[in-house]
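> Quick one: sequence and predicted model below, then my questions.
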Amino acid sequence: MTNFEFRGRSRTVAIALLALGASLISPVATAAPGDVLVRDLAQSAAEQQAVRDYWTPERIARLEVGDPGPGGPPENGPDGASVAPGTALDRTVGRLFFVGRGEDSSCTATLVRSANRGTLVTGGHCVHSADLLGRDPQWHEKVLWAPGFRDNTMPNGAFVARSLLVHRTWREDDQQSNFDQAFVVLGPDAQGRKAEDGVIAQNLAIGLPGGLSATEFGYPRAARKPGHQGRPEFTGMRLARCWGTPRRDLGSAEWPSSPDMWGVGCDMGGGASGGPRIALLNDKLGLGAVVGVNTQGGYLDGKGNRCESPKPGQQPAPGCARFLTGPQFTPEITGKLYASASQR
């Protein structure tokens, strides 16, 4: 177990993490050579400003969103709800914009404590992806993070990525979903401030049990339920959340899941990828322990086996519900990535 410095009112979360046996990754840990791949992006102030200039409100408004569907009375429940502003979530969870394989897109990313005071955790496919056949893996470009993005505004500024990090296995085989995680090292904002200046970042926790109650956050651009479709929380314009007791995603007999894949029942669609799965969340403060990231949606039965996805307008099979799952953080994968990121 490593030592970690905690500040202010987040100390209660830290004590709870240590009691549960989680490792709180030290910024001075050393990554194994060759396991981590790094892509340096915008390094100079001019290069970073060019990325900010690229992501105009008009361009963001043109990003693809899901079919608004028939609509219906707004629903707020454990499988999808709005997030009230005014907590640390506004400054630590943000929308991550990028150009991937020539197309504008977005994910979600979270600011975690680090020595460089500007490190995000997100999904691997949010920074590096292959084509539909798993070939020609490419790094994403023009990566920009907007914490607390809301109604096509960036009230807490924007930070441009200067380095992206993924595990080598993710580049070699994007079907190994437990490696679908990444870190992003940010440059300062236009005023020269680091992302952690004046902010209590989220704790990054490794080794917690996957079944602890958790809340998932994201900026989804799609949803299936009529009571969610078309709302700002499900068109990428506001932060959304789901909560409950995570279930392990076992996959199917034909396609067994990678190990350590967990998630809660959730209607958030594309765009929520990379968003945090937070345990021990203090709702009033908006602080907790990031134990994993969202990476894939699908239908699971009560045991965690995959169900067939229903066609639009149809109900899922009895006992099946939609879950948003992703890797639970481990020392072998997350620890190595974070150690490299925090040193940059």
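Nice, I can see it. Numbering: from 1, shown residues only.
> Chain neighbours aside, what residue packs nearest to residue 129?
Computed as CB to CB, 6 or more residues apart in numbering, the closest residue to residue 129 that is not its neighbour in sequence is residue 100, at 5.6 Å. Any C-beta I mention is one placed from the backbone N, CA and C, and that applies to glycine too.
> Show the model's pLDDT score for the one you found.
In this model, residue 100 is scored at 97, pLDDT.
> now do residue 133
Looking at residue 133, the pLDDT reads 82.
> Could you tell me how many residues sit around it?
6 (other CB atoms under 10 Å).
> how about it, phi and psi?
As for residue 133, its main-chain torsions (degrees, to the nearest 10) stand at phi -100, psi 10.
> What distance separates the opening and closing residues of stretch 217-234?
11 Å (CA to CA, to the nearest Å).
> for it, the distance to its chain's centre please.
16 Å (CA atoms, centre = their mean, to the nearest Å).
> Also stretch 305-324?
That offset, for stretch 305-324, works out to 23 Å (CA atoms, centre = their mean).
> so residue 332, which of the three states?
Following DSSP: H, G, I helix; E, B strand; the rest coil, we place residue 332 in the helix state.
> list the contacts for it?
By CB atoms under 8 Å, 6 or more residues apart in numbering, the contact set of residue 332 is empty.
> How much space separates it from residue 112?
18 Å (CB to CB, to the nearest Å).
> again, but for residue 304
For residue 304, the distance to residue 112 - CB to CB - is 27 Å.
> Isn't residue 285 up against residue 89?
No: look at residue 285 against residue 89 with CB atoms under 8 Å: they stay out of range, at 9.1 Å.
> Who has more neighbours out of those two?
Taking other CB under 10 Å, residue 285 and residue 89 do not tie; residue 89 has more neighbours (27 against 16).
> How about that one, nearest residue that isn't a chain neighbour?
Nearest to residue 89 is residue 286, by CB to CB, 6+ apart, at 3.9 Å.
> Need the phi and psi values for that neighbour.
phi 80, psi 30.
> tell me the contacts of it?
87-90, 92 are the contacts of residue 286 under CB under 8 Å, 6+ apart.
> repeat that for 10 Å
The neighbours of residue 286, taking CB atoms under 10 Å, 6 or more residues apart in numbering as the test, are 83-93, 200, 202, 217, 278.
> got it, and residue 80?
Applying CB under 10 Å, 6+ apart to residue 80 gives the contacts 216, 218, 220, 223-225, 227-228, 231, 233-234, 240-243, 265-269, 272, 322, 324.
> Can I get the buried part of those residues as one ChimeraX selection?
Applying 16 or more other CB atoms under 10 Å to the contacts of residue 80 leaves a buried subset, and the ChimeraX line that selects it is:
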select :216,218,220,223,224,227,228,231,233,234,240,241,242,243,265,266,267,268,269,272,322,324
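> Would you quantify the distance from residue 132 to residue 39?
Separation of residue 132 from residue 39 (CB to CB) stands at 22 Å.
> swap that for residue 200, sorry
Between residue 200 and residue 39 the distance is 29 Å, computed by CB to CB.
> isn't there a helix covering residue 233?
Yes: counting by three-state DSSP, residue 233 is found in a helix.
> what bridges to the residue lying closest to it once chain neighbours are set aside?
Sequence neighbours aside, residue 240 is the residue nearest to residue 233 in space, at 4.0 Å (criterion: CB to CB, 6+ apart). Per DSSP bridges, residues listed as beta-bridge partners of residue 240: residue 82, residue 218.
> Equivalent analysis for residue 324, please.
Beta bridges link residue 324 to residue 264, residue 297, judged by DSSP bridges.
> hmm, back to that, neighbour count for residue 132 and residue 39, which is higher?
More crowded of residue 132 and residue 39, by other CB under 10 Å: residue 39, with 16 against 6.
> which residues does the residue nearest to residue 233 contact?
Each residue near residue 240 by CB under 10 Å, 6+ apart is listed here: 76, 80-83, 108, 216-220, 223, 228, 231-234, 266-268, 271-272, 275.
> Report the contact partners of residue 233.
74, 76, 80-83, 218-220, 223, 239-241, 268.
> With distance to residue 120 added, can I get the residues you listed in a markdown table?
Listed next are the contacts of residue 233 as a markdown table, based on distance: CB to CB, whole Å:
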| residue | distance to residue 120 |
| --- | --- |
| 74 | 30 |
| 76 | 27 |
| 80 | 23 |
| 81 | 24 |
| 82 | 23 |
| 83 | 18 |
| 218 | 14 |
| 219 | 14 |
| 220 | 18 |
| 223 | 24 |
| 239 | 15 |
| 240 | 19 |
| 241 | 18 |
| 268 | 19 |
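> from those, which is closest to residue 342?
The closest of those to residue 342 turns out to be residue 218 (CB to CB; 23.9 Å).
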